[in-house]
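S.K.: My questions concern the predicted model and sequence given below.
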Protein chains: 2
Amino acid sequence: MLDNTDMLILHELSKNSRLTMKELGEKVHLTGPAVSARVAKLEDSGVIEGYTIKVNQVKLGNSIHALINIYTKSAYHVPYLSFIKTSENYIINNYKISGDSCYLLECTFPSNEQLDEFLKGLSHYVNYKLSIVINK
Amino acid sequence: MLDNTDMLILHELSKNSRLTMKELGEKVHLTGPAVSARVAKLEDSGVIEGYTIKVNQVKLGNSIHALINIYTKSAYHVPYLSFIKTSENYIINNYKISGDSCYLLECTFPSNEQLDEFLKGLSHYVNYKLSIVINK
DNA sequence: CTAACTCCTTTCATTAATAAAGTAAAACGT
DNA sequence: ACGTTTTACTTTATTAATGAAAGGAGTTAG
């Protein structure tokens, strides 16, 4: 399915997805058109889901990175799920998980005020346990 | 510092970081060179930290997405940190966090065998609580 | 009022992307 | 074993984007 060259391509594009096909080709020892065809295949097969940027949230003013374990009070999760949709700008990920809690919610906030506001709303729907990311 | 156009640029590049400057310019109502200069500024200021791809880990054969709460036995974290460096291929993120546990470790594995192997090694250095991502 | 600065557009030369054609090797069926 | 098809690549040529340079409009400061 995927050979070593494909893995190299994924590795290089993970490091820099704005490489030109020519540059990428040089890194994996192929010509531009050849590597371009491989990348198109990786896109079509869904291995490459998209191209994106890493944004420094702190420089955007979002200095608080929070991980919130969610414990739904009832088996009915819809109220929680629609609540976090209304706060989409803060949400990075919402993982449904096995184990202790039902979800792990990853968010960023500009300050404790917005975090507090968010938690106030959240507490209407679920119980939670808050962790703050200190590093990495 | 950042105006509305910059935010639009970040939004569009988050959706697709391989847009040409011309295409990006059309989306934010600027010419190619103008938007190119703004993007260069965002890079220089560190707001844009890099360009990357979203890879479908399942299609890569990594069907298990694990979140592991780490409880270090001693205050000395180095053995744990060097252990996860030896298993770098599985690791996505290692967050140092406040709250109950010391770290939240995010990893992917091809199968339970590799996960089991990893946990066996991990248990020499720390206590842990394992969660598996079911969705999103 | 002018000078300096910022932010943009336009133009143009350079460079990359893309489509098309051709080649070589591998896989397939008979 | 043979010809056919497929796959993966290179080369070439056209089209399109990038990037540098020049210039203009609006803003700020002296």
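M.R.: Arrived safely. From a predicted model like this one, the values you see are computed outputs, not experimental measurements.
S.K.: do the helix or strand A:Leu115 falls within and chain B meet?
M.R.: A:Leu115 is part of helix A:112-122 when elements are defined by DSSP states H and E. No - Helix A:112-122 does not reach chain B (CB under 8 Å from any CB of the partner chain); its nearest approach is 12.6 Å. Backbone N, C-alpha and C define where each C-beta goes, glycine included.
S.K.: Let me know the next secondary structure element after that helix.
M.R.: With secondary structure assigned by DSSP H and E, helix A:112-122 is succeeded by strand A:126-135.
S.K.: and that next one, what other elements does it pack with?
M.R.: strand A:64-72, helix A:112-122, strand B:91-97 (3 or more CB pairs under 8 Å, 6 or more residues apart in numbering or on different chains; DSSP states H and E).
S.K.: Name the stretch among those that sits most buried.
M.R.: Among the helices and strands packed on strand A:126-135, strand A:64-72 has the highest mean neighbour count (mean count of other CB atoms under 10 Å in any protein chain shown), at a mean of 20.
S.K.: in the one helix or strand A:Ile9 maps to, what counts as buried?
M.R.: Element membership of A:Ile9, judged by DSSP H and E, is helix A:4-15. By 16 or more other CB atoms under 10 Å in any protein chain shown, the buried positions in helix A:4-15 come out as A:6, A:8-10, A:12-13.
S.K.: ok, and which of these reach chain B?
M.R.: A:10, A:13.
S.K.: Which helix or strand lies directly C-terminal to the host helix or strand of A:Ala37?
M.R.: For A:Ala37, the element it lies in under DSSP H and E is helix A:32-44. Next in sequence after helix A:32-44, counting helices and strands by DSSP H and E, comes strand A:48-55.
S.K.: hmm, back to that, need the helices and strands packed on strand A:126-135 in TSV (columns: mean pLDDT and distance to DNA strand D).
M.R.: Shown next, in TSV, are the helices and strands packed on strand A:126-135 (pLDDT from 0 to 100; distance: least, CB to the nearest atom of the strand, whole Å):
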stretch	mean pLDDT	distance to DNA strand D
strand A:64-72	97	32
helix A:112-122	97	29
strand B:91-97	96	29
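S.K.: still on that earlier bit, the helix holding A:Ala37: which residues count as buried?
M.R.: Result for helix A:32-44 [16+ other CB under 10 Å]: buried residues A:35-36, A:38-39, A:42.
S.K.: Is chain B within reach of it?
M.R.: No - figure legend: helix A:32-44 not in contact with chain B (CB under 8 Å from any CB); closest approach 9.0 Å.
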